[in-house]
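**Q** no sequence for this one, just the structure:
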């Protein structure tokens, strides 16, 4: 009996020693990674300039880049007449040399972290609900595939069909306390490769990235609201972007717009078109060089737009909304003019309180559904949009 007890105690002592050793190794690695020996700046990341976009290959994950995200926003009409906006985004962050929540013990075994955010806005009531998740990719239920579009964080996922299956589109699945979605998104236009065949340069105020969008996706599926399920249809927008740079000092933030104009009978040149615009802001609030846009015609052809030459943006046409949670002042209401074409687009949020508080990524931002009214020499047309305002809570060059 005593011999068995001594043997058990030896096993416990050895196990404890191994655990302590791993903890010390993790602590030493984390201590070094916080800047004394190794930081993420010492890691050699892939460069967008060296990675020409090839589709469908590049819908998948790119683990050699520092940051990557897959982003969907959309507008849903339910069979009971209610209308909603949704956002689902997955961020994948390469993590060598980084601690998270001061837990270094297993951190040295992880190569990536995945952050997911899911938001719904009820367009009638203005209610806006957000949830987010963060997890490290040492878990089997978190990750991103490198052979196809398939990214998942626990039971939230975005998935294209596996190679060899002749299926278009992507399935989005996410759930939180009040809302859940299970949606099928099917492209109505080819993918848009922004900038120079997918290489988007934002010098001098931004980061060069590989940037691909599906600017008009048909949506059908199920939305659960407070336990009640309903059928929804609508339209969505998808961005996929990956980069390895850092924002230069003096870049305060950005304003980003994804605009989808109604499909009519071709009465105006904007029928069935989409417009992506982003403004990089300096610390004085002025737009920086490198602010650009992409105009996508009804037939799917597209052209790059430059701030000043092709378009200008007026912000805050409906005043400023100050978040009661973060205190950030967000200018709401926007006017986008394309003077050479004689076009003016007025963009109005469906609700003012559409801030996304992001404890999982340490960034708070405003991401909201909006309505659009566009005027052209040939007439007016409506549309929908999503708008992202980042850097009003904290400058992005300080992240």
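**A** Here it is on my side, so go on. Model, not experiment: these values are computed from the prediction.
**Q** what helix or strand does the closest residue to residue 245 other than its chain neighbours sit in?
**A** Nearest residue to residue 245, sequence neighbours excluded (CB to CB, 6 or more residues apart in numbering): residue 207, at 4.0 Å. To be clear about C-beta, it is placed using only N, CA and C from the backbone, and glycine gets the same treatment. Residue 207 belongs to no helix or strand when assigned by DSSP states H and E.
**Q** now do the same contact list for residue 207.
**A** Neighbouring residues of residue 207 by CB atoms under 8 Å, 6 or more residues apart in numbering: 243, 245, 246, 247.
**Q** pLDDT score for it?
**A** At residue 207, the model reports a pLDDT of 81.
**Q** swap in residue 202?
**A** 79.
**Q** mind listing what it touches?
**A** Per CB under 8 Å, 6+ apart, neighbours of residue 202: 208, 209, 280, 290, 291, 292.
**Q** who wins for neighbours among those residues?
**A** Counting neighbours by other CB atoms under 10 Å, residue 280 comes out on top of those with 27 neighbours.
**Q** the strand or helix carrying it: what's the following helix or strand?
**A** Assignment of secondary structure by DSSP H and E places residue 280 within strand 274-282. As assigned by DSSP H and E, the chain's next helix or strand after strand 274-282 is strand 292-296.
**Q** strands paired with that next one, and their directions?
**A** strand 274-282 (antiparallel), strand 302-306 (antiparallel) (DSSP bridges).
**Q** redo those strands as JSON lines? Include distance to residue 335 and mean pLDDT.
**A** Output for the strands paired with strand 292-296, formatted as JSON lines (distance: least, CB to CB, whole Å; pLDDT from 0 to 100):
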{"stretch": "strand 274-282", "distance to residue 335": "12", "mean pLDDT": "94"}
{"stretch": "strand 302-306", "distance to residue 335": "15", "mean pLDDT": "96"}
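**Q** nearest to residue 358, of these?
**A** Proximity to residue 358 (CB to CB) singles out strand 274-282 among the strands paired with strand 292-296, at 18.8 Å.
**Q** coming back round to it: the contacts of residue 207 in strands, which ones?
**A** Using DSSP state E, the members of the contacts of residue 207 that fall within strands are residue 243.
**Q** buried ones among the contacts of residue 207?
**A** Neighbour-count burial within those applies to 243, 245, 247; the criterion is 16 or more other CB atoms under 10 Å.
**Q** and the last one, what's its pLDDT?
**A** So that's residue 247. Reported pLDDT for residue 247: 77.
**Q** with the first one instead?
**A** Reported pLDDT at residue 243 in the predicted model: 91.
**Q** isn't it right next to residue 66, touching?
**A** Yes - with contact defined as CB atoms under 8 Å, residue 243 reaches residue 66; the gap is 6.8 Å.
**Q** which neighbours do these two share?
**A** Shared contacts of residue 243 and residue 66, defined by CB under 8 Å, 6+ apart, are absent.
**Q** which ones are touching the nearest residue to residue 386 once chain neighbours are set aside?
**A** What sits nearest to residue 386 in space, not counting adjacent residues and going by CB to CB, 6+ apart, is residue 73, at 4.0 Å. Shown in contact with residue 73 (CB under 8 Å, 6+ apart): 85, 86, 87, 236, 237, 258, 367, 369, 386.
**Q** of those residues, which belong to helices?
**A** Per DSSP state H, helices hold no members of these.
**Q** residues contacting residue 367?
**A** Counting by CB under 8 Å, 6+ apart, residue 367 has contacts 73, 87, 119, 354, 355, 356, 386, 387, 388, 389.
**Q** at 7 Å instead, please
**A** 87, 119, 354, 356, 386, 388 (CB atoms under 7 Å, 6 or more residues apart in numbering).
**Q** pLDDT score for it?
**A** 98.
**Q** so where do the strands sit in the stretch 1-150 of the chain?
**A** Assigned by DSSP state E, counting those that start in this stretch, the strands in the stretch 1-150 of the chain fall at 67-78, 83-94, 112-122, 128-136, 142-144, 150-153.
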